[in-house]
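Novice: Could you work out the structure for the sequence below:
(chains A, B and C)
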Amino acid sequence: MLRWSSRSPRHWHEFVNHEVCVTAGDQQRFEGRVFTVDPVSASVVLVSVQENECPSVRVILGHAVTDVQILRRGTEETERQMKSVFLPDRAQDLSA
Amino acid sequence: SPRFLALCPTSVPSSSSSSSDEEEQRLRAELRERFLRTLLLMTGKRVRFDMHEHVRVHARFGASDIDVLNLQVSDLETPLGVQREALLRCQDVIACSFEV
Amino acid sequence: VSWRSSLPPSERPGERRTAEMKKLYGKDAAKIQGMEAAMQLTFDRNCDKKQPKYWPVIPLNL
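Specialist: Residues are numbered from 1 along each chain as shown, chains lettered A, B, ... in the order given. The predicted structure is shown next:
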């Protein structure tokens, strides 16, 4: 098994927009939707949007990541919602 | 540079770029841009840092170096009091969390 | 630095970096390099001005 940090951009990109569970460090688990995986540090950026709450963002450092499992697949709507967190006015700039 | 060597495995052909190289470059650029935007969004925010050895601290995020080795923070609340200006080693940090 | 410069690549770090960025990011290299430069500048400037010290003094994750 390849370490998470030695994976390719193609592999990391497969996780974008999906809800995942990231296992890190001392068996800590973090859940959220993947906004990106930094190709330099392999760090995973998760976003959680809950009703009546501010969206929260969590960066899990690549060196600490031991496993990433997809829980639920995202949709175009979740992708759009996630982009609006980072680019309120120019979400279209990040379209792939 | 070491950074480049780490990013580009030797299996990648060094000569002409094929369409699959271009696709890989496009994906890498999209992922990297999104990460840099995340760091920009984190700037000035109060961030919780979950660190190794079950250490948890809060601080205001200032900036990161581009290789993501060091995080420059202010008003770091340590168990022994507030350190006005500090650098956290990314190797010590497991996760950084903040609200938008 | 001109591309015609006679210096070997090892003595043109800026140019080598640009070539590396081009190989990693293709046509988006200039955009990414610009964003990275701004980020690094902020980091360097903040460190110069605030002189932050490592916390903790001894790394947790040896």
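
Novice: Please enumerate the helices of chain B.
Specialist: Along chain B, the segments classed as helices by DSSP state H run B:2-7, B:19-42.

Novice: Just the pLDDT for the residue nearest to the spatial centre of chain A.
Specialist: By Cα atoms, centre = their mean, chain A has its centre lying nearest to A:Val34, at 1.8 Å. pLDDT recorded at A:Val34 is 98.

Novice: Please, which helix or strand holds it?
Specialist: If you go by DSSP states H and E, A:Val34 is part of strand A:28-37.

Novice: pull the helix or strand with minimum mean pLDDT from the chain.
Specialist: All of this is about chain A. Least confident helix or strand, chain A: helix A:76-86 with a mean of 91, by mean pLDDT, DSSP states H and E.

Novice: Below-threshold pLDDT in chain B: ranges please.
Specialist: For chain B, residues meeting the criterion pLDDT under 70 lie at B:2, B:5-18.

Novice: who's in contact with the residue nearest to B:Arg34 when sequence neighbours are not counted?
Specialist: Leaving aside its chain neighbours, B:Arg34 sits nearest to A:Thr36 (3.5 Å; criterion: Cβ to Cβ, 6 or more residues apart in numbering or on different chains). All C-beta spots, glycine's among them, are computed from the backbone N, C-alpha and C. Contact analysis of A:Thr36 by Cβ atoms under 8 Å, 6 or more residues apart in numbering or on different chains lists A:16, A:44-45, B:30-31, B:34-35, B:38.

Novice: farthest pair in the residues you listed?
Specialist: Greatest spacing in those, by Cβ to Cβ: A:Val44 and B:Glu30 (15.0 Å).

Novice: When those two are compared, which one has more neighbours?
Specialist: A:Val44 (28 against 21; other Cβ atoms under 10 Å in any protein chain shown).

Novice: Kindly provide the distance from the more buried one to chain B.
Specialist: 9 Å (Cβ to the nearest Cβ, to the nearest Å).

Novice: do A:Val20 as well
Specialist: Between A:Val20 and chain B the computed distance is 14 Å (Cβ to the nearest Cβ).

Novice: Look at that residue and give its secondary structure.
Specialist: Using DSSP: H, G, I helix; E, B strand; the rest coil as the criterion, the local structure at A:Val20 reads strand.

Novice: List the buried residues in the longest helix along chain C.
Specialist: Taking DSSP H as the criterion, chain C has its longest helix at helix C:29-50. Buried positions in helix C:29-50, judged by neighbour count with 16 or more other Cβ atoms under 10 Å in any protein chain shown: C:29, C:32-33, C:35-36, C:39, C:42-43, C:46-47, C:50.

Novice: what residues does that helix touch?
Specialist: Against helix C:29-50 from outside (Cβ under 8 Å, 6+ apart): B:29, B:32-33, B:36, B:39-40, B:43, B:62-66, B:70, B:72, B:74, B:84-85, B:87, C:17-18, C:21-22, C:25, C:52.

Novice: Please produce a ChimeraX select command covering the buried subset of those residues.
Specialist: Buried residues among the contacts of helix C:29-50 (16+ other Cβ under 10 Å), as a ChimeraX selection:
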select /B:29,32,33,36,39,62,63,64,65,66,70,72,74,85,87 /C:21,22,25,52
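
Novice: What about the contacts of helix C:29-50, which are in strands?
Specialist: The members of those that map onto strands under DSSP state E are B:62-64, B:70, B:72, B:74, B:84-85, B:87.

Novice: one step back: check contacts around the residue nearest to the centre of chain A.
Specialist: A:15-20, A:44-46.

Novice: Whichever of those residues end up buried, select them in PyMOL.
Specialist: For the buried members of these, the matching PyMOL selection, counting by 16+ other Cβ under 10 Å, is:
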select buried, chain A and resi 15+16+17+18+19+20+44+45+46
